[in-house]
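In: Provided below are the primary sequence and the corresponding predicted coordinates.
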Amino acid sequence: MRQEAASLVITHEDDRQHHHSRPPPPDEEEEDTGAVAPPSCATILLRREGGEAEAGEGEEPLQLVPPLNFAMVDHGVYRSGFPDASNLPFLETLRLRSVLCLCPEPYPEANQEFLRARGIRLFQLGIDGSKEPFVSIPEDTIREALKVVLDTRNHPVLIHCKRGKHRTGCVVGCLRKLQRWCLTSVFDEYQRFAAAKARVSDLRFIELFDISSLKHLPASFSC
């Protein structure tokens, strides 16, 4: 079943969590600067009960901010733009086992320290973020990325690039082909995140991507 692009709003009540879908935030330029969640991005409010510390009267509740373009792809698989320091408390709530970074630049030390402290494994498979008409999507790297995502021992896993649009969109699009989505649905999901920045080269790559060598791997993780 296709998962809708979503941010999460979680209220802890009697140890239960409720998830509500929201569309991805408005499109922004894909640049080399760090992605910062815009004001329209959903926040997560945690209500601490059962004797735990609560915000005092007049104080703001604890707010956890998801990374730009954050969404659930499937059970145990998430996608987003590059998390910055303000997003790390939110990522902690996901209880991640691994992070798949599709950017070639050195991973920020603050992010690395966050991962090390929580035993989260980093897979970095760098793909150049060049703009059209100079885009070259390495098929072998996408294939290796899919192997990381398809290995449930790495779940929960977060897939991210700079803005969570093109490189992440290619990996998720190829995953959807393995999940036997029709191309119309695959392209629709890609375009919801890429919006005005959708690349014909990305869509063409997804359409022609050969999934035959990955068919022996499980492609569904839903409970």
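Out: Received it, and whenever you're ready, just let me know what you need. Residues are numbered from 1 along each chain as shown.

In: show me where this structure has its helices.
Out: Assignment of helices within the chain using DSSP state H yields the ranges 88-92, 109-117, 139-150, 166-178, 183-194, 200-208.

In: tell me which of the ones you listed sits most buried.
Out: Here the criterion is mean neighbour count by mean count of other Cβ atoms under 10 Å, and of the helices of the chain the winner is helix 166-178, at a mean of 24. For every residue, glycine as well, the C-beta is placed using N, CA and C.

In: which ones are touching the spatially closest residue to L68 that is not a sequence neighbour?
Out: Using Cβ to Cβ, 6 or more residues apart in numbering and skipping residues adjacent in sequence, the residue nearest L68 is G81, 3.5 Å away. Listed by Cβ atoms under 8 Å, 6 or more residues apart in numbering, the contact partners of G81 are A35, P67, L68, N69, F70, H160, C161, K162, R163, G164, K165, T168.

In: which sections of the chain are below the confidence cut-off?
Out: Residue ranges of the chain with pLDDT under 70: 1-62, 130-135, 216-223.

In: ok, and the closest non-adjacent residue to Y190?
Out: Nearest non-adjacent residue to Y190, counting by Cβ to Cβ, 6+ apart: G169, 4.6 Å away.

In: surely that neighbour and A195 touch.
Out: No. Counting by Cβ atoms under 8 Å, G169 sits too far from A195 to count as a contact (10.9 Å).

In: cross the contacts of G81 against strands and list the overlap.
Out: Applying DSSP state E to the contacts of G81, the entries found in strands are H160.

In: identify the farthest-apart pair in the contacts of G81.
Out: Farthest apart among these by Cβ to Cβ are F70 and K162. That separation is 13.8 Å.

In: of the two, who's got more company?
Out: Set F70 next to K162 and count neighbours by other Cβ atoms under 10 Å: F70 wins out with 29 against 22.

In: what about the nearest residue to the more buried one once chain neighbours are set aside, how many residues nearby?
Out: Excluding its sequence neighbours, the residue lying closest to F70 (Cβ to Cβ, 6+ apart) is S80, at 4.1 Å. Using other Cβ under 10 Å, S80 has 27 neighbouring residues.

In: please apply the same query to the one 4 residues further on.
Out: By the criterion of other Cβ under 10 Å, D84 has 17 neighbours.

In: my read: it touches V65, true?
Out: No. With contact defined as Cβ under 8 Å, D84 does not count as touching V65 (9.2 Å).

In: need the residues touching each of these two.
Out: Shared contacts of D84 and V65, defined by Cβ under 8 Å, 6+ apart, are absent.

In: ok, K215 touching K177?
Out: No. Using Cβ under 8 Å, K215 makes no contact with K177, being 10.3 Å away.

In: picking that back up, what residues are bridge-paired with the residue nearest to F70?
Out: With DSSP bridges as the criterion, S80 is bridged to H160.

In: pretty sure it sits against L158.
Out: Yes. Assessed by Cβ under 8 Å, S80 is found in contact with L158 at 6.3 Å.

In: L178 versus V149, what's the distance?
Out: Going from V149 to L178 by Cβ to Cβ, to the nearest Å gives 10 Å.

In: V157 now?
Out: Relative to L178, V157 is positioned 15 Å away (Cβ to Cβ).

In: please apply the same query to Q112.
Out: Separation of Q112 from L178 (Cβ to Cβ) stands at 30 Å.

In: and what of K215?
Out: 7 Å.

In: now the common contact residues for those two.
Out: Shared contacts of K215 and L178, defined by Cβ under 8 Å, 6+ apart, are absent.
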